[in-house]
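Engineer: Here is a sequence with its predicted model. Questions after.
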Amino acid sequence: MIAGVPKDAGRVLELGAGTGNVTRELLRRGYRVTALENNPFMLEKMAAKRLGNIGNLTVNMESVEQLDLIDQRNFDAAVAVNVVYALEDPFRCFRKVANVLTQGGVFAFSTTHSETRLEPLLTAIANELKSNGTFAAKEEHYQRVVEINKDIQISIARRHSREQYELWLEEAGFKINHIGSSYKDAVLVFHARKQ
């Protein structure tokens, strides 16, 4: 995801910042970050990381779907890690992202898609935990993650195809520069530039 953000970008908008893992990496690279997150639990975890000590960070407790509340229109890049698939209207989000980006700004995001299969990813996680000897201690948490992700796969993870995301990006005014896969092919990674 972060590889899609140009090195000379100044301001980066992060959609659905969660606990701040990507936020931290963006700040370490010297970007000024505006992070959107509306989940109080996630914001609490992010606050505990004291990310403001790393760099220039603004946190807004807002839903990605309320992106029209962002009054700045001069972001050089926007990132969204595994957020888009959960939105009711991804195309509307893409248009809003285009509105807040500068000309030539980059939108980098990852999302599940109609061909997503989460089993290989979940199996890889179990194997990693077993190989480093922590599976027994974390098995309860792992099983909870498996159940949550099974529900996600059935309900929302496979709603939209790769082709649909491509079409939405183009209709929102983006030119796609890169499409790849990640997380054992469970998600697609898009890098697109505002025309």
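Structural biologist: Perfect, thanks for sending it.
Engineer: in stretch 6-17, what's buried?
Structural biologist: Of the residues in stretch 6-17, those scored as buried under the neighbour-count criterion (16 or more other C-beta atoms under 10 Å) are 6, 9, 11, 12, 13, 14, 15, 16, 17. C-beta here means a position set from N, CA and C on the backbone, and glycine is covered the same way.
Engineer: Of those residues, which pair is most distant in space?
Structural biologist: Farthest apart among the buried residues of stretch 6-17 by C-beta to C-beta are 6 and 16. That separation is 21.1 Å.
Engineer: what's stretch 30-37 in contact with?
Structural biologist: 5, 9-18, 20, 23, 26-27, 43, 46, 55-64, 67, 70, 72, 75, 77 (C-beta atoms under 8 Å, 6 or more residues apart in numbering).
Engineer: switch to 6 Å and redo it
Structural biologist: Taking contacts as C-beta atoms under 6 Å, 6 or more residues apart in numbering, the residues outside stretch 30-37 that touch it are 10-15, 17, 23, 26-27, 43, 56-60, 62, 64.
Engineer: Please name every helix or strand in contact with the longest helix along the chain.
Structural biologist: Among the elements of type helix in the chain, defined by DSSP state H, the one spanning the most residues is helix 135-152. Under the contact definition 3 or more C-beta pairs under 6 Å, 6 or more residues apart in numbering; DSSP states H and E, helix 135-152 sits against helix 119-131.
Engineer: The helix it packs on - contacts with which helices or strands?
Structural biologist: Counting contacts by 3+ C-beta pairs under 6 Å, 6+ apart, the secondary-structure elements packed against helix 119-131 are helix 135-152.
Engineer: picking up where we left off before, just put the buried residues of stretch 6-17 in JSON lines and tack on secondary structure.
Structural biologist: As requested, the buried residues of stretch 6-17 are arranged in JSON lines below (DSSP: H, G, I helix; E, B strand; the rest coil):
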{"residue": "6", "secondary structure": "coil"}
{"residue": "9", "secondary structure": "coil"}
{"residue": "11", "secondary structure": "strand"}
{"residue": "12", "secondary structure": "strand"}
{"residue": "13", "secondary structure": "strand"}
{"residue": "14", "secondary structure": "strand"}
{"residue": "15", "secondary structure": "strand"}
{"residue": "16", "secondary structure": "coil"}
{"residue": "17", "secondary structure": "coil"}
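Engineer: Closest one to residue 100 out of those, please.
Structural biologist: The shortest approach to residue 100 among those belongs to residue 13, at 6.2 Å (C-beta to C-beta).
Engineer: could I have stretch 183-192 exported to CSV, CA atoms only?
Structural biologist: The C-alpha trace of stretch 183-192 is given here as CSV (Å, rounded to 0.1, in the frame of the first residue of the first chain):
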residue,chain,number,x,y,z
TYR,A,183,-2.5,-11.7,1.8
LYS,A,184,-2.3,-15.0,-0.1
ASP,A,185,-4.4,-13.6,-2.9
ALA,A,186,-7.2,-12.7,-0.6
VAL,A,187,-7.1,-9.0,-1.5
LEU,A,188,-6.3,-6.9,-4.5
VAL,A,189,-4.0,-3.9,-4.2
PHE,A,190,-4.8,-0.9,-6.5
HIS,A,191,-2.7,2.2,-7.2
ALA,A,192,-4.5,4.8,-9.3
